[in-house]
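Enquirer: give the three-dimensional model of this entry:
(2 chains)
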Amino acid sequence: MSASAPASFDLREGGEARPRHLGHRLAHSSLLRVLGRRLLAAIPVMWGVTFLTFLVMNLVPGNVARSLLGATATPAQVNAYQAKLGLNHSFFVLYGNWLGNLLQGNFGNSYSSHAPVTSTIAAQLPVSFELIAYAFIISLVISVPLALLAARRPNGIIDRLSMTFSMAGVSVANYVLAVVLVWVFADVVSAFPAIGFVSIGTNFGENLRSLTLPAIAVGLPLAGFYTRLLRADLLEQLQREDYVVTARAKGIGPWRVIVRHALRNSLFGLITVIALNFGTLLGAAVIIEQIFSLPGLGNGLIQAISNHDTPVIEATVLIFALMTVGGNLLADILYAVLDPRIRYGSTTE
Amino acid sequence: MVKVGVGGGTGRTRRSGARRTSRLIVAAACAAIAAYGVSWVATSSASTAKVAAGAGSGGSLTVLLNTGFEGAWPSGLDPSTDTNGLANQDMMTSIFGDLFQLGPKGKIIPDLATGYKFVDGGKVIDMTIRNGVKFSNGDRFTAAMVAKNITRDLASPCTCSPTSAWTTLAKTNPVTVSGNVVAVHFTAPYGAFISSIISSDANWIADLNALQTMGASAFQNAPVGAGPFTVVSDTPSQEIVLKRNPGYWQSGYPLLQNLTFKTVANDEAAYEAMQAGQGQVYIDASSPQIEAEAAKTYKVVEEKSTSPYDIQFNTSIAPFNNIEARQAIYYATNAKQIDDKLFNNLFPLTESFTAPGGLFYEPKVPGYIGYNLAKAKALVKKLGGLTVNFFTIAIPTAEEATDAMAAQWQAAGIKVTTANYPLAPLISQFTGGKWQVALQTAGAWDPAQGVGVGFRFDSHSPFSGVHSTQLDTILENAAGSTNLATRKKDYAAAAALIAKEAWGPFLFSYAPDQIFAKNVTGPGLSIPLPAVAVSATVLWQDVTATK
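Expert: Numbers count the residues shown, from 1 in each chain, chains lettered A, B, ... in the order given. Below is the predicted model:
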């Protein structure tokens, strides 16, 4: 799907004449250089994220001492606790100290638990990561076959049903879906737990059970979106592209044309959207983790915000930003994997 | 010297022993108990009428807690460093036990202490510590350890530290030990001492030797106490798994084998989790709709309220530095209508800071001005109009009540602007000093402690809008006296003065509900208990989940 290829890529015909090993191509193309540039460009983005987060936390009413000590604390008690935490300095001093520590690989300690932020994040990250991965799998497992079936017979019964499903998926907020899922599958059917998390190390089966409803709540709306997107792209390929006509003229069966030829090109658009959706997914995880009482980054972030626990908030937001940037970079790499013709031109980069 | 508690005894096993104890002791104690109004009972949990079948025979329970309050323990569960202390009272009591517990009908139940007495006219309180008790790790539970804990708590950053209540604490050697007696010294009589202990982190005694060995970080996630349960695992603000403490001092207790506290997002999530079989108890439900739905399947029991809603005035600035403006609000406020229309008449109306679950309850106050729309209109007209800024905390119950009151006031010709603030900006309103009128709660099990009457009406409190040395003196005397009758009289006088000066209309006393499976019984669940601070502390050692 050349139309979906990003403008920054130099797509050169004939590149597939001598198929090369991926590692070889990476080493000898400008891909690594481009990725390096992207990573360098991400540094000011990361810095901006941390600065803005710090600024916002400084501007919102209240402070960590007030949050932790509660309503009955007197101003004197609040001031004393602020001093005890070392927070009775100006914004720039506090931010400078935090940034200095960060550059040395030290995220600092949580204001509320006093535990190292890295250990807190290390405990939460796998939960969120697993939830997002599971949600992606669910969304792709649903959307890809559905889009293929829909594209096989446009305006047929399956196509109409898939469009109804995707419209519903896009329209329903994931937190509403979560409540419905809990009611049906936890309360009525008792097939899955309503709350809680079991780690992989404890019991893999229970781990999957504990994450299934949250992952569906996150993944189903995505599946609706992806189905619409992929179906539209597949139809465009099937109706307009010469290579499809050629394949059909060669007597290749319709399913083979869709799956082997059209789908591969259509995946470009999907990958782009998936990469851009990464940040959205993290936002969804914040709400869904709260509803299902999952001990992930999102739930931790909510608690940290409640407590004005800036070191934890900063670290979490930074990780969210890194994951978003990382998702985009991953998409760039996958372009090269999916289409050997793609080269990274220095002029366009 | 007023002797209120009697040392010795061995908890539930001491029931029979106590019966053998001479009636003379009981009779002598009764006189003092009657005087102080705190009926000490020989059984440590008189509420548990049935005979225990044995420790661990009560099955296992998962208790759901709201993430916004009880279900948050970000700074761990070390009594001295848990800044969310009182909200975590169910977990703390399970792990540490208590020196004293608050039982049904406000009875003081000696737990790890066996009794207390006032010495030196009430300036010194001697607490007798139970002998033979061990922490869950086998370390001895001693009076010296209790004293160390209390001293440590006095430096605690948590507002559940007794420091804020113990304003007359002696400057030098405030906590001393002699044998198995811990003495706390004050410069003035302090009759509300035991109430203040129960509503503070001083009630929970940690094994500070274990703290030394484990380190602060490990200890706050797996604290060692002498309570009925020990920690198996702890994921802060998510889940804490406890199991029966086999070395618990009371033979045959706790009844439960396992006790798990799990955090949920809100009332609805809790109800869904219970429906899915993932919890059997939900503490402090506050959504009437959820409670009504839950009542079809579970037991729903209202806690004994101790904290009425009140309308606070800032009497330092206009318009409420004028008594007629305050009286106009009194006349314009129809508390009964709000209770009826918004809360299905669930909460008892009151004219003072006392409530049905607390000490000194007196719903009627002489001279209290009730609802009278005609008089409200007349006063507003006399004042040449009245424009007010009315605010409350951003929680649904308070917001709904505020909107309803604003409508009532507008019917009297008062121009009202309303605002709802989260906690931090709400506090800023008070500390800024420019606020006019607010809907808050004022009251506690003992009015002398917590968010009691002094918190809202004493000149020294930053959250008070009243500045009266006369009222301050009455409240100080009420907190200081060791005589219950005197205290009741003082608080009645305080309520009458507040009514006379129109310093704050009172509405009704709200209390959350406990939702639990029908096979669960125990004090604080099937037997309502008064709220210590915001909610009641369940006596988990007595709870059972078997039919």
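
Enquirer: give me the phi and psi for the nearest residue to B:T441 once chain neighbours are set aside.
Expert: In this structure, B:T441 finds its nearest non-sequential neighbour in B:S307, 4.5 Å apart by CB to CB, 6 or more residues apart in numbering or on different chains. All C-beta spots, glycine's among them, are computed from the backbone N, C-alpha and C. Note on B:S307: its backbone torsions stand at phi -130, psi 100 [degrees, to the nearest 10].

Enquirer: again, but for B:S233
Expert: phi -150, psi 150.

Enquirer: confidence score at the nearest residue to it once chain neighbours are set aside?
Expert: Take B:S233 and drop its neighbours on the chain: the residue closest to it by CB to CB, 6+ apart is B:V241, 4.7 Å away. In this model, B:V241 is scored at 96, pLDDT.

Enquirer: pretty sure B:V241 contacts B:V232?
Expert: Yes: using CB atoms under 8 Å, B:V241 is in contact with B:V232, at 4.2 Å.

Enquirer: looking at the two, which is more packed in?
Expert: More crowded of B:V241 and B:V232, by other CB atoms under 10 Å in any protein chain shown: B:V241, with 16 against 13.

Enquirer: that's a helix at that one, yeah?
Expert: No: looking at B:V241 with DSSP: H, G, I helix; E, B strand; the rest coil, it is strand, so not inside a helix.

Enquirer: residues in contact with it?
Expert: B:V231, B:V232, B:S233, B:D234, B:N258, B:T260 (CB atoms under 8 Å, 6 or more residues apart in numbering or on different chains).

Enquirer: could you redo the last one with a cut-off of 10 Å?
Expert: By CB atoms under 10 Å, 6 or more residues apart in numbering or on different chains, the residues touching B:V241 are B:T62, B:F229, B:V231, B:V232, B:S233, B:D234, B:T235, B:N258, B:L259, B:T260, B:F261, B:K262.

Enquirer: return the members of those residues classed as buried.
Expert: B:T62, B:F229, B:V231, B:D234, B:N258, B:L259, B:T260, B:F261, B:K262 (16 or more other CB atoms under 10 Å in any protein chain shown).

Enquirer: narrow these to those in strands?
Expert: B:T62, B:F229, B:V231, B:D234, B:N258, B:L259, B:T260, B:F261, B:K262 (DSSP state E).

Enquirer: which stretches of the stretch 51-200 of chain A have low pLDDT?
Expert: A:70-72 (pLDDT under 70).

Enquirer: for the stretch 51-200 of chain B, same thing?
Expert: Checking the stretch 51-200 of chain B against pLDDT under 70 turns up B:51-53, B:159.

Enquirer: near chain A, which residues of it show up?
Expert: B:62, B:64, B:67-68, B:71-76, B:81-87, B:157-161, B:163-164 (CB under 10 Å from any CB of the partner chain).

Enquirer: 8 Å instead, please
Expert: With the criterion set to CB under 8 Å from any CB of the partner chain, the stretch 51-200 of chain B comes near chain A through B:T67, B:A72, B:P74, B:S75, B:G76, B:T83, B:N84, B:P157, B:C158, B:T159, B:S164.

Enquirer: what residues does the stretch 401-547 of chain B put near chain A?
Expert: B:422-428, B:431, B:450-451, B:455, B:462-463.

Enquirer: as JSON lines, those residues with neighbour count would be great.
Expert: Formatted as JSON lines, these follow (neighbours: other CB atoms under 10 Å in any protein chain shown):
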{"residue": "B:P422", "neighbour count": "14"}
{"residue": "B:L423", "neighbour count": "17"}
{"residue": "B:A424", "neighbour count": "15"}
{"residue": "B:P425", "neighbour count": "17"}
{"residue": "B:L426", "neighbour count": "22"}
{"residue": "B:I427", "neighbour count": "23"}
{"residue": "B:S428", "neighbour count": "14"}
{"residue": "B:T431", "neighbour count": "12"}
{"residue": "B:G450", "neighbour count": "28"}
{"residue": "B:V451", "neighbour count": "22"}
{"residue": "B:F455", "neighbour count": "23"}
{"residue": "B:P462", "neighbour count": "14"}
{"residue": "B:F463", "neighbour count": "22"}
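
Enquirer: closest one to chain A out of those, please.
Expert: B:A424 (2.5 Å; CB to the nearest CB).

Enquirer: using CSV, lay out the residues of the stretch 401-547 of chain B next to chain A together with pLDDT and secondary structure.
Expert: Shown next, in CSV, are those (pLDDT from 0 to 100; DSSP: H, G, I helix; E, B strand; the rest coil):
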residue, pLDDT, secondary structure
B:P422, 73, coil
B:L423, 69, helix
B:A424, 67, helix
B:P425, 74, helix
B:L426, 80, helix
B:I427, 76, helix
B:S428, 76, helix
B:T431, 78, helix
B:G450, 76, coil
B:V451, 80, coil
B:F455, 86, helix
B:P462, 81, coil
B:F463, 86, coil
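
Enquirer: give me the pLDDT value at B:Y248.
Expert: 97.

Enquirer: whoops, B:T13 was the one
Expert: So B:T13 comes in at 35 (pLDDT).

Enquirer: now the stretch 51-200 of chain A against chain B: closest residue?
Expert: For the stretch 51-200 of chain A, CB to the nearest CB, closest residue to chain B: A:G62, 2.5 Å.

Enquirer: could I get the full set of helices for the stretch 1-150 of chain A?
Expert: A:22-28, A:31-59, A:64-69, A:75-84, A:91-103, A:117-152 (DSSP state H, counting those that start in this stretch).

Enquirer: tell me what the fifth one is packed against?
Expert: Under the contact criterion of 3 or more CB pairs under 8 Å, 6 or more residues apart in numbering or on different chains; DSSP states H and E, helix A:91-103 touches helix A:31-59, helix A:310-338.

Enquirer: give me the buried positions along the first one.
Expert: Buried residues in helix A:31-59, counting neighbours by 16+ other CB under 10 Å, are found at A:L31, A:V34, A:A42, A:V49, A:T50, A:T53, A:F54, A:M57.

Enquirer: and the nearest residue to A:A123 once chain neighbours are set aside, what does it touch?
Expert: In space, and not counting its chain neighbours, A:A123 is closest to A:P295: 7.1 Å by CB to CB, 6+ apart. By CB under 8 Å, 6+ apart, the contact list for A:P295 reads A:A123, A:Q124, A:V127, A:F197, A:E289, B:T235, B:Q238, B:E239.

Enquirer: great, nothing more from me.
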